[in-house]
Structures are given as structure tokens and as C-alpha cells.
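Chemist: here are the coordinates; sequence isn't available:
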């Protein structure tokens, strides 16, 4: 029986960032973290109802949305938060940049593990801070961090550590021991943690996502948690995210930086977020089942059929981090684009020789992309 996720939706005439990058060229776009699936039916219906209302003035965050998020965090992670800890944002990247500006002072240092979600690498410079990178290491076939490297990277000027959890692009779900080590190092050096947890609803393996702030009250007081329904429910274009900041002083500084710069979240964004979290649980379960099969297909195909490429297990997200350093071409992303597959260049993540592939698409599209990659490599 076909899945609703097998449906191929024509996005070529929708001003899609993902698809318009290669407009007019025979290239399958598998680069940006934007799935090719229709949003949950409950979200689409809620948007229709809201549009039929006909008035789109400035909109406050609905109390029901706040309560729904509190219930979601309690049910999923046993995390009890206060409504006043939530700061609404029009996008998670906005939150990363606000966090950079609201911690420490001009000239301070911000640490990021690499490979890293590109906005983490850009935010320090945009905030007049210095970016300090700490490379992840592979241990027993899994990406992890080196405790000693992290300790050595911290100086008296370090004010913030950017943590992507689950990790983009490697797909790691950090375990409790890893998170506790990171938190311990940060606490002992008075370093705030900005924990990007936007992929928390996309865990594929039998492991649990642990919000960094749930480790202890002390850790919570030094953590800015960023979340959004955008990746899980494929509604990134609607722009609704939020920060959870238990520490009142840190929250005040965060809000102060936002003043006069960060716009309000719009009416349709709130509407879609509520319908996603409240009414789309079964849709998410079905999505995860489909993504698991896609993930398995990617790993088997890359590791068994294209020996010049390799990929480690993907515990979460719909993104595959592929090592193409043995391939030969200096620019693997350009190489694959020339052969009909648009991937994201590892250089943007601080890791030359890698590419990131988005498998959040119908299986037919995924197979076309993988087959093109295999054919391209066979001709090198």
C-alpha cells in the first residue's frame, strides 16, 4: 500500500528556495533541510479555517499553543517549564544570532563543534564575536566530541557554546553522558549553552533525545534552548520558533537584543504550530516510519554500492552526512550537481570533502538521486 509520503508534489512553480536553485536544469535538489512532503492535513485545514476568518492583524501567541507546548515537553521529555520562559521567534536562525549577541561582550569567543549547521559558524562574526571551532571525532562508528579538545578551546573570553542536539549534519543524538560532560565543562567555565533542538521530533533510532536544560537546575540556568515545529512538520516557510530560557536575567538580555529588530510571529505561523503540535501526532509517527526506511536505503546504497563514499548511522533528522574525500574531485558538491544531484557542500559546515543529502522526499525521488550519484561515481 502506498504511503501519503510517496506522493510527488510539483514544487517548481511555488517559488521554492530548494527547487529554484536549479531552475531550468535537470538536477534533483537534495540540499536544504526542507522536506518534499505536504504538511499534515490538520495543519492545512487549520490554515484554511484561519484564512477564511479574513483578518490578519498583529497576533498574540495563543494561550492554547503555549499550553500545548508545555504538554508536549512534559509528555516527550518529562520537562516541566513555565509559560514565562518561552520567547517567541520568527525563526530558529534568528534565535542563534540573538543568543550570540545577548551573551558576553563584543570580542568574546563562541565555541561550535564542527561539522556545524552553517548559521552557527556565521553568527559569531555577525555579532562581533570570535568563532572558535572544535572538531568532532568518530568513535566506534559514531560522531562524538573530544573532552580534552573542548577544555583546551575554552578561554576566559569564551561566553557561549553552540550545541546542535540532535546534531545537524551528522544525525547524532547525544546521550546523557555526553551532554553531562559538555555541561560540566561549560558550568565550570561560566559558559552559556545555546542548545539548538529543532530536530528533537525526528529521532529515528531507539534512543531518546534529552533536552540539555533537563540535566539539572544549574544547567537549565545557563541554557538557551531553541525549538520549532518547522523541521518535524515541514512548515519552515511559515516561520514559528521559540526559545526556552529559565534564567530571568539571561531572558531579559535576550529580549533586549530582540527589541526593534526581530519581528513578531505572524498569525498563520501560530495557527500552523498549534495544529502541528496538538493534532498531528499520528502524522509524525507515520513520517518517522517512512524516514527510517529512507535512511536505511541511503546507508545501504551509499556504503554498499558506492565504495568511494561512506556514511555513518543517522540516529535523527532526515539528513545524511556523506564522506566523499576518497572520490577524487576537490568539490564533490559541484561534481554531483554536474551529474544531476544537488547536495549541500561540506565546506559550508567546516568540513571540506563531505556532502549533505536530504532524504526527506518520496522514495522514487530518493532512488533517482542515489542512482544518479552511483552512475556519476562509476564514471570517475
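Modeler: That came in fine, so what should we check first? Predicted model only: the values in this text are computed from it and were never measured. Residues are numbered from 1 along each chain as shown.
Chemist: burial count for residue 360?
Modeler: Residue 360 is flanked by 23 other residues according to other Cβ atoms under 10 Å. C-betas here are computed from N, CA, C, even on glycine.
Chemist: so it sits in a helix?
Modeler: No - counting by DSSP: H, G, I helix; E, B strand; the rest coil, residue 360 is not part of a helix but coil.
Chemist: how about the contacts made by it?
Modeler: 33, 34, 35, 36, 37, 234, 291, 294, 318 (Cβ atoms under 8 Å, 6 or more residues apart in numbering).
Chemist: looking at the residues you listed, state which has the most neighbours.
Modeler: In the contacts of residue 360, the most neighbours by other Cβ under 10 Å go to residue 318, 28 neighbours.
Chemist: surely it is in contact with residue 291?
Modeler: Yes - applying Cβ atoms under 8 Å as the test, residue 318 and residue 291 come out as touching, 5.2 Å apart.
Chemist: what residues do these two have in common as contacts?
Modeler: 202, 359, 360.
Chemist: residues touching the second one, list them.
Modeler: Listed by Cβ under 8 Å, 6+ apart, the contact partners of residue 359 are 30, 291, 294, 295, 297, 298, 318, 319, 320, 366.
Chemist: what sits closest to it if chain neighbours are left out?
Modeler: Excluding the flanking residues, the one nearest residue 359 by Cβ to Cβ, 6 or more residues apart in numbering is residue 294, at 4.4 Å.
Chemist: which helix or strand contains that neighbour?
Modeler: Taking DSSP states H and E as the definition, one finds residue 294 inside helix 281-305.
Chemist: that helix: what's the following helix or strand?
Modeler: For helix 281-305, the succeeding helix or strand toward the C-terminus, using DSSP H and E, is strand 310-311.
Chemist: give me the contacts around the helix or strand following that following strand.
Modeler: Per DSSP H and E, the first helix or strand lying C-terminal to strand 310-311 is strand 319-323. For strand 319-323, contacts defined as Cβ under 8 Å, 6+ apart pick out 33, 115, 168-171, 295, 298-299, 302, 309-312, 314, 343, 353-359.
Chemist: show me what the lowest-mean-pLDDT helix or strand in the chain is packed up against.
Modeler: Counting by mean pLDDT, DSSP states H and E, the chain has its least confident helix or strand at strand 137-139, which shows a mean of 92. Strand 137-139 makes packing contacts with strand 142-144 when contacts are defined by 3 or more Cβ pairs under 8 Å, 6 or more residues apart in numbering; DSSP states H and E.
Chemist: show residues contacting the strand it packs on.
Modeler: So strand 142-144 is contacted by 136, 137, 138, 167, 170, 172, 178, 312, 313 (Cβ under 8 Å, 6+ apart).
Chemist: which among the residues you listed count as buried?
Modeler: 136, 167, 170, 172, 178, 312 (16 or more other Cβ atoms under 10 Å).
Chemist: distance of the residue nearest to the first one when sequence neighbours are not counted relative to residue 168?
Modeler: This means residue 136. Nearest residue to residue 136 in three dimensions, chain neighbours excluded: residue 143, at 4.7 Å (Cβ to Cβ, 6+ apart). Here residue 143 is placed at a distance of 11 Å from residue 168 (Cβ to Cβ, to the nearest Å).
Chemist: who has more neighbours out of the two?
Modeler: More crowded of residue 143 and residue 168, by other Cβ under 10 Å: residue 168, with 24 against 21.
Chemist: my guess is that one contacts residue 317. True?
Modeler: Yes - between residue 168 and residue 317 a contact is recorded at 5.9 Å, counting by Cβ under 8 Å.
Chemist: shared neighbours, these two?
Modeler: Joint contacts of residue 168 and residue 317 (Cβ under 8 Å, 6+ apart) are 33, 199.
Chemist: can you name the residues that contact residue 337?
Modeler: Residue 337 is in contact with 22, 27, 343, counting by Cβ under 8 Å, 6+ apart.
Chemist: kindly indicate which of those residues lies nearest residue 162.
Modeler: Of all these, residue 162 sits closest to residue 343, with 23.6 Å by Cβ to Cβ.
Chemist: that closest one - how many residues pack around it?
Modeler: Counted with other Cβ under 10 Å, residue 343 comes out at 26.
Chemist: leaving out chain neighbours, which residue sits closest to it?
Modeler: In space, and not counting its chain neighbours, residue 343 is closest to residue 355: 4.1 Å by Cβ to Cβ, 6+ apart.
Chemist: name the SS class of the one you found, please.
Modeler: strand.
Chemist: in the sheet, who's paired with it?
Modeler: On the basis of DSSP bridges, residue 355 is bridged to residue 322, residue 345.
Chemist: please tell me how far it sits from residue 26.
Modeler: Separation of residue 355 from residue 26 (Cβ to Cβ): 19 Å.
Chemist: for the stretch 51-200 of the chain, which segments count as helices?
Modeler: Here the stretch 51-200 of the chain has its helices, by DSSP state H, counting those that start in this stretch, at 63-77, 92-102, 118-126, 147-153, 176-188.
Chemist: any idea how many residues pack against the closest residue to residue 3 other than its chain neighbours?
Modeler: Using Cβ to Cβ, 6+ apart and skipping residues adjacent in sequence, the residue nearest residue 3 is residue 290, 5.6 Å away. Residues within reach of residue 290, counting by other Cβ under 10 Å, total 20.
Chemist: can you tell me how far residue 290 sits from residue 5?
Modeler: In terms of Cβ to Cβ, residue 290 sits 4 Å off from residue 5.
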